[in-house]
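Novice: attaching a predicted model along with its sequence, questions to come.
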Amino acid sequence: MTSPTLPTLDIANFLLDSKSDAANTLVTKLARVCHDPGFFYLVGHGIPETMDNNIMEIAEQFFALPADQRHRIAIGQSPHFRGYTILGDEMTQGKNDWRDQLDIGPEEPAVSAGKDDPAWLRLRGPNQWPESLPQMQNIVTAWMEQIEGLCQSLIQALALGLGLDQNYFTDRMSPDPYTRLKIAHYPEQPETKEPAQELTQGLGLHHDSGLFTLILQDSTPGLQVEIDGKLQTIEPRNGAYVVNLGEMFQAATNGYLRATKHRVQSPPAGKQRISIAYFMNPRLDAVFEPIKLPPHLAALATGSQNENPDDIVYPVFGDNTLKIRMRAHPDVANRFYSDLL
């Protein structure tokens, strides 16, 4: 496995003036990179390094808390899939991931859903925060607000790159995008009784749902991306976020935009890894119908790369994300969504 250099996109000129020649160059390159490889480094974002450091430091403090304090906000007691997932309790492709994590979403009251309301309304609700880290909520919320603004600009840039109006996706995003944050901790794998058995799945091979995922990593490598049919390790870079696309963009563009498969390998003995993934999603009720692309882009749209008859991509985002949440957290599904099983 090699460590290729992902394309690097500098969004600074677009943020300064979205109609400038430099911005136009950026949007053209963005559309091309989102077609292949579907992963890139993003720089020029303007988010202060201190904010990245603050959220990474509070993440480290959270995972250093005694286990009983983390377990008090277990995700299994939240119908909204918010809270702490115990090490090894989340699943990808039917196998347990060797990581623990904290899931956070928009802070809002729980919705009282009736029997005729869509089940995904139950995803809306409050977060769970650790009592022993009272500063965590403010630090995390402030970072999420900055990232949301950046991702909104990124979506506008992509719309232009696809030959659409800059605000083409605005009605699907406003006023309540279902953004989500996953603060993940990857410890080393435990020793096995069988020396020949290699345990490496920190996070199993998958592609993301939704629109964009933006990732802040610490200095320990582990992210691997499927490029040209091979899994290749992507090195962390100071000051750069790693960005990839989700399956709703891919499905809506008939595969022109690419939701690239990726995974995380566990760190070596004596190491740990922390990453913070921000999922930029539309409103839960947003419908992503096929997008009419310019002929030169449509000619490159060869269908979804990740078609699976047992894994339908629903056009309504809420249906899509609830399907994935229930599959990843069967404990929450059994407790709060038994009527759907």
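Specialist: All right, it came through fine.

Novice: give me the contacts around stretch 107-127.
Specialist: Stretch 107-127 has contacts (CB atoms under 8 Å, 6 or more residues apart in numbering) with 78-83, 104-106, 137, 141, 178, 284-285, 316, 318-319, 321-322, 325, 336-337, 340. From N, CA and C alone the C-beta is placed, and that goes for glycine too.

Novice: among those, which lie within helices?
Specialist: 137, 141, 318, 319, 321, 322, 325, 336 (DSSP state H).

Novice: verify the stated contact: residue 152 with residue 173.
Specialist: Yes. Assessed by CB atoms under 8 Å, residue 152 is found in contact with residue 173 at 6.7 Å.

Novice: which one of the two has more residues nearby?
Specialist: residue 173 (22 against 17; other CB atoms under 10 Å).

Novice: run through the neighbouring helices and strands of the helix or strand of the chain with the lowest mean pLDDT.
Specialist: Counting by mean pLDDT, DSSP states H and E, the chain has its least confident helix or strand at strand 91-92, which shows a mean of 74. Under the contact criterion of 3 or more CB pairs under 8 Å, 6 or more residues apart in numbering; DSSP states H and E, strand 91-92 touches strand 201-206, helix 317-328.

Novice: averaging pLDDT over each of these, which comes out lowest?
Specialist: Ranked by mean pLDDT, these bottom out at strand 201-206, which scores a mean of 82.

Novice: each with direction, which strands does it pair with?
Specialist: strand 262-265 (antiparallel) (DSSP bridges).

Novice: what comes into contact with the very next helix or strand once past the partner strand?
Specialist: Downstream of strand 262-265, the next assigned helix or strand under DSSP states H and E is strand 273-280. With contact meaning CB under 8 Å, 6+ apart, strand 273-280 is reached by 55-56, 59-60, 63, 144, 147-148, 151-152, 154-155, 177, 179-186, 202, 208-218, 220-223, 246, 264, 267.

Novice: could I get the average pLDDT for strand 273-280?
Specialist: So the average pLDDT for strand 273-280 ends up being 96.

Novice: extract the CA atoms of that strand and return them as CSV.
Specialist: What follows is strand 273-280, C-alpha atoms only, in CSV (Å, rounded to 0.1, in the frame of the first residue of the first chain):
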residue,chain,number,x,y,z
ARG,A,273,-5.8,7.7,16.5
ILE,A,274,-8.5,10.4,16.8
SER,A,275,-10.5,11.7,13.9
ILE,A,276,-13.4,14.1,13.8
ALA,A,277,-15.8,13.6,10.8
TYR,A,278,-18.3,16.3,10.0
PHE,A,279,-21.2,15.0,7.7
MET,A,280,-22.8,17.8,5.7
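
Novice: distance from it to the middle of the chain?
Specialist: Strand 273-280 sits 7 Å away from the centroid of its parent chain (CA atoms, centre = their mean, to the nearest Å).

Novice: given it, what are its sheet partners and their directions?
Specialist: Sheet partners by DSSP bridges: for strand 273-280, these are strand 180-186 (antiparallel), strand 212-217 (antiparallel).

Novice: having no further points to raise, I will conclude here.
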